[in-house]
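Participant: build the 3D model from these lines:
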Amino acid sequence: MKAYHIAVIGATGAVGQELLGVLERRNFPVASLRPISSARSAGKSVRFRDESVSVQQLNEDSFEKIDVAFFSAGGEISRKYVPIACQADAIVIDNSSAFRMEAHVPLVIPEINAEDARRHRGLIANPNCTTAITLMALFPLHRAFGVRRIFAASYQAVSGSGARAIDELTQQTKSATQDSTVYPHPIAFNLLPHVDSFLESGYTKEEMKMQNEGRKIMHLPQFCASVTCVRVPVYRAHSVAVSAEFEKTVSLERAREVLAKTPGLELVDEPQNNRYPMPLSVTGKDNCQVGRLRLDCAFENGLSFWVSGDQLLKGAALNAVQIAELL
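Facilitator: Numbers count the residues shown, from 1 in each chain. Take a look at the predicted model:
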């Protein structure tokens, strides 16, 4: 099996650290690893396969002789350095939102649209974490019943804001402090109906990603999604409550059958036994979980469900490595 020269940009961040772990755990064929970060983190070291690997500072020469470059350092870094990496003949898998909606850039969840990855021109985008976790449950239902639109509310962990947000939740919880530097309000013992920046429509950018990215990934240009995204005091797993309307009549039995057979998804739907998806149940797990299935009382052909998934894994690092495995 061919081995690949790998670069991880943002290697010391929350997603970067998880990427290293996923590459190792899934035995990805790594010939050499080049962890890359900002000047602030350069010189530190990361662990990979029981070895300590020095972190290099990001610059225009960082991609020489690199086969695959994983970017997890934010949109500004991606916009500047992804073209440089592509010019150096590296295949880029970008976790930021910088290129997701570019027509020529595949936006890929391997369980849903793996074939799109093969049409890349050197760059493949990783979808938004909430979108990825939601579509893991929604897409198999779409194939069975034909989704028209959804109304949803997300419950998003602080890991989506990076390592500083994880630390801030810990400190606020321990000390009951009200000091907040990552968010506009305290996150401990609180809920913030505010993820990403607000648009003129009143929705946030994060909320519109579900509709826009969902249309692209599912090849469903008429798909509509009205979403409220909420930041919650949970460390690293997102959950989404979804009410979906379909073209065909929905059968609970058929829905459960479809979801139970979906790769990367576990059906946990025994509310009478207090069994349903929860952030604690999926933290550190590759699979997402779906449950609380019920016929929606507001839609003629509707189904409501609850899905949870690890934001740092299926919402970011795991999905990125799965894309690389397709190549």
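
Participant: elements contacting the helix or strand bottoming out on mean pLDDT in the chain?
Facilitator: Within the chain, no helix or strand scores below helix 163-175, which has a mean of 92 by mean pLDDT, DSSP states H and E. Based on contacts counted as 3 or more Cβ pairs under 8 Å, 6 or more residues apart in numbering; DSSP states H and E, there is no element that helix 163-175 packs against. All C-beta atoms are positioned from the backbone trio N, CA, C, and that covers glycine.

Participant: after it comes which helix or strand?
Facilitator: Once helix 163-175 ends, the next helix or strand along the chain (criterion: DSSP states H and E) is helix 205-218.

Participant: what helices or strands is that following helix leaning on?
Facilitator: For helix 205-218, the contact count by 3+ Cβ pairs under 8 Å, 6+ apart identifies helix 110-117, helix 129-145, strand 147-156, strand 224-231 as packing neighbours.

Participant: deepest-packed of the ones you listed, please.
Facilitator: For those, the largest average neighbour count (mean count of other Cβ atoms under 10 Å) is found in helix 129-145, namely a mean of 25.

Participant: mind pulling up the pLDDT for residue 101?
Facilitator: Listed pLDDT for residue 101 reads 97.

Participant: scratch that, residue 177 is what I was asking about
Facilitator: Here, the pLDDT recorded for residue 177 equals 72.

Participant: which non-adjacent residue is nearest it?
Facilitator: Leaving aside its chain neighbours, residue 177 sits nearest to residue 171 (6.5 Å; criterion: Cβ to Cβ, 6 or more residues apart in numbering).

Participant: partner residues bridging residue 238?
Facilitator: Taking DSSP bridges as the rule, residue 238 bridges to residue 309.

Participant: tally of neighbours for it?
Facilitator: Using other Cβ atoms under 10 Å, residue 238 has 29 other residues around it.

Participant: my guess is it contacts residue 306. True?
Facilitator: No. Residue 238 lies out of contact with residue 306 (Cβ atoms under 8 Å); the separation is 11.5 Å.

Participant: can you pull out the strands in the stretch 201-327 of the chain?
Facilitator: With DSSP state E, counting those that start in this stretch as the criterion, the stretch 201-327 of the chain has strands at 224-231, 237-246, 265-267, 288-295, 302-310.

Participant: following the helix or strand harbouring residue 8, which helix or strand comes up?
Facilitator: Per DSSP H and E, residue 8 falls inside strand 4-9. Sequence-wise, the next helix or strand downstream of strand 4-9 (DSSP H and E) is helix 14-25.

Participant: tell me how far that next one lies from the chain's centre.
Facilitator: 14 Å (Cα atoms, centre = their mean, to the nearest Å).

Participant: for that helix, give the mean pLDDT please.
Facilitator: On average, the pLDDT along helix 14-25 is 96.

Participant: tabulate the CA atom coordinates of it in PDB.
Facilitator: Provided in PDB are the C-alpha atoms of helix 14-25 (Å, rounded to 0.1, in the frame of the first residue of the first chain):
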ATOM      1  CA  ALA A  14      -8.700  21.000  19.100                       C
ATOM      2  CA  VAL A  15      -9.500  19.600  15.600                       C
ATOM      3  CA  GLY A  16      -5.900  19.200  14.700                       C
ATOM      4  CA  GLN A  17      -5.200  17.100  17.700                       C
ATOM      5  CA  GLU A  18      -8.200  15.000  16.900                       C
ATOM      6  CA  LEU A  19      -7.000  14.600  13.300                       C
ATOM      7  CA  LEU A  20      -3.700  13.200  14.500                       C
ATOM      8  CA  GLY A  21      -5.500  10.700  16.700                       C
ATOM      9  CA  VAL A  22      -7.900   9.600  13.900                       C
ATOM     10  CA  LEU A  23      -5.000   9.100  11.400                       C
ATOM     11  CA  GLU A  24      -3.300   6.900  13.900                       C
ATOM     12  CA  ARG A  25      -6.300   5.000  15.100                       C
END
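
Participant: alpha carbons of stretch 305-319, in CSV - could you do that?
Facilitator: Extracted in CSV, the C-alpha atoms of stretch 305-319 (Å, rounded to 0.1, in the frame of the first residue of the first chain):
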residue,chain,number,x,y,z
PHE,A,305,-36.1,13.0,15.5
TRP,A,306,-33.1,13.8,17.6
VAL,A,307,-29.5,13.2,16.4
SER,A,308,-26.2,13.6,18.3
GLY,A,309,-22.6,13.3,17.2
ASP,A,310,-19.1,14.2,18.3
GLN,A,311,-18.3,17.6,16.8
LEU,A,312,-14.6,17.0,16.7
LEU,A,313,-15.0,13.6,15.0
LYS,A,314,-17.8,13.2,12.5
GLY,A,315,-18.2,17.0,12.6
ALA,A,316,-14.6,17.6,11.7
ALA,A,317,-11.6,15.2,12.0
LEU,A,318,-13.1,11.9,11.3
ASN,A,319,-15.0,13.1,8.2
